[in-house]
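Engineer: with the input below, show me the fold.
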Amino acid sequence: MSIRDALLAGPLGFGAAPLGNMFRDIPDDEAQATVDAAWQAGTRYFDTAPFYGSGLSEIRLGKALSKYPRDAYRLSTKVGRIILDEVETGARDQGEKSEIFRYGRPNKVVYDYTADGTKRSIEDSLKRLGVDRLDFVWVHDLARDFHGDKWVGMFEQARIGAFPALDRLRDEGVIEAWGLGVNNVEPVELLLSLDEVHPNGTLLAGRYTLLDHERALERLMPAAVEKAVEIVIGGPYSSGVLAGGRHFEYGSVPPEIAAKVETIKGLCGRHGVPIKAAALHFSLAHPASAAVIPGASRPERIAEDHAAITFEVPREFWHDLRRSGIVAPDAPLPAGQ
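Structural biologist: Below you'll find the model as predicted:
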């Protein structure tokens with residue numbers, strides 16, 4: 001079954017990274033209310049990961065979803081890290097993003113892309129989530145932004161470990177889809193070049209957005225279409241800067257990005273288009289895109305996302321956006337604009 005066919009309520013999902021206390025200490029009741037708001041709005045696909053707050057996101061999401069039938073929603077998490085019971089006493093090694101979950105749980109986290117590590121990670125996630133199965137599983141952060149020059153060696157560990165293990169679980173019907181869950185294009189291109197395993201999905205965060213899509217358009221997205229690997233778009237608001245936030249790529253906003261955002265805001269204002277609507281519809285316009293999963297940590301953000309996904313963006317907006325140079329000449333736009 002394809003990811004599109006597996007989704008129960010359209011392409012808009014919920015990215016649960018903020019529930020792991022991303023950037024701030026979120027009260028439990030606010031996290032619960034945010035998931036409740038997503039459910040009431042009609043969201044039926046939820047994505048999380050052990051990395052998000054050292055298991056905190058999974059725990060909170062599982063508790064919030066426990067009141068609903070498991071068959072009523074789709075759920076994905078990630079492998080590649082094991083959350084230990086011991087407390088981390090030194091500095092955390094989280095690559096370029098060492099501070100984003102500073103308010104999460106203090107548990108020590110270790111990388112493990114082996115077959116046994118993959119199975120253990122899934123078992124641990126099932127316990128934290130309080131469920132008996134997962135729908136999609138992504139191999140997490142197998143890229144330079146977390147591993148530096150060692151990422152190719154980590155990829156090789158996954159190639160002979162996690163990848164065939166997930167291939168078997170998918171073929172046996174234990175999960176419905178697997179692939180990578182990364183912020184970089186290169187690992188996905190490498191995965192799609194392999195002949196010995198057959199991923200049928202991938203979560204690509206931040207690399208197919210209004211602000212950053214040229215690199216993905218070169219090879220990744222065309223290859224995904226050719227190989228029938230469906231892409232779940234994470235981070236459609238580019239870490240929040242496209243939704244009024246102060247972050248881009250989990251850090252401060254560079255001047256050139258701020259200038260692009262102002263251009264987009266100006267076009268949105270001229271045409272009466274919510275900027276979230278422009279962001280979500282653009283990310284979903286490529287034929288490789290199967291779903292989009294913006295994150296949220298406040299209930300009111302959920303209503304904005306659902307209003308955005310149903311908003312009918314006028315074709316004149318897309319014409320002007322293309323002329324502005326914000327989107328690449330070969331980037332597909334909604335309704336073939």
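Engineer: any stretches of the stretch 201-337 of the chain with poor pLDDT?
Structural biologist: Low-confidence segments of the stretch 201-337 of the chain, defined by pLDDT under 70: 336-337.
Engineer: which residues of it fall in strands?
Structural biologist: 201-205, 230-234, 289-293 (DSSP state E, counting those that start in this stretch).
Engineer: okay, these in TSV with mean neighbour count next?
Structural biologist: Heads up, the C-betas are built off the backbone N, CA and C, glycines and all. Listed next are these as TSV, based on neighbours: other CB atoms under 10 Å:
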stretch	mean neighbour count
strand 201-205	27
strand 230-234	27
strand 289-293	25
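Engineer: compare these and give me the one nearest residue 30.
Structural biologist: Taking CB to CB, strand 289-293 is the member of the strands of the stretch 201-337 of the chain nearest to residue 30, at 19.4 Å.
Engineer: for that closest one, name the packing helices and strands.
Structural biologist: Judged by 3 or more CB pairs under 8 Å, 6 or more residues apart in numbering; DSSP states H and E, the packing partners of strand 289-293 are helix 3-6, strand 45-47, strand 230-234, helix 275-285.
Engineer: could I get it in PDB with only the CA atoms?
Structural biologist: The C-alpha trace of strand 289-293 is given here as PDB (Å, rounded to 0.1, in the frame of the first residue of the first chain):
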ATOM      1  CA  SER A 289       5.000  14.700  -2.300                       C
ATOM      2  CA  ALA A 290       2.500  12.500  -0.500                       C
ATOM      3  CA  ALA A 291       2.000  14.400   2.800                       C
ATOM      4  CA  VAL A 292       3.200  17.400   4.700                       C
ATOM      5  CA  ILE A 293       3.700  17.500   8.500                       C
END
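Engineer: just the angle between that strand and helix 275-285, please?
Structural biologist: 150 degrees (axes from the mean of the first three to the mean of the last three CA atoms, to 10 degrees).
Engineer: need the contact partners of strand 289-293.
Structural biologist: Under the contact criterion CB atoms under 8 Å, 6 or more residues apart in numbering, strand 289-293 has outside partners 2-4, 7, 11-15, 45, 47, 201, 203, 208, 230-234, 236, 280, 283-284, 309.
Engineer: any of those buried? List them.
Structural biologist: 3, 7, 11-15, 45, 47, 201, 203, 208, 230-234, 236, 280, 283-284, 309 (16 or more other CB atoms under 10 Å).
Engineer: ok, back up a step: switch the strands of the stretch 201-337 of the chain over to a markdown table; also include distance to residue 140.
Structural biologist: Listed next are the strands of the stretch 201-337 of the chain as a markdown table, based on distance: least, CB to CB, whole Å:
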| stretch | distance to residue 140 |
| --- | --- |
| strand 201-205 | 9 |
| strand 230-234 | 11 |
| strand 289-293 | 14 |
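Engineer: just the helices in the protein please.
Structural biologist: 3-6, 28-41, 56-65, 115-129, 144-147, 151-160, 162-171, 186-192, 214-218, 220-227, 255-271, 275-285, 299-310, 315-324 (DSSP state H).
Engineer: out of the ones you listed, which comes closest to residue 177?
Structural biologist: helix 3-6 (5.4 Å).
Engineer: if I look at the residue nearest to residue 20 when sequence neighbours are not counted, how far off is residue 109?
Structural biologist: Counting by CB to CB, 6 or more residues apart in numbering, residue 53 is the residue found nearest to residue 20 once chain neighbours are left out, at 2.6 Å. Remark: distance between residue 53 and residue 109 (CB to CB, to the nearest Å) = 10 Å.
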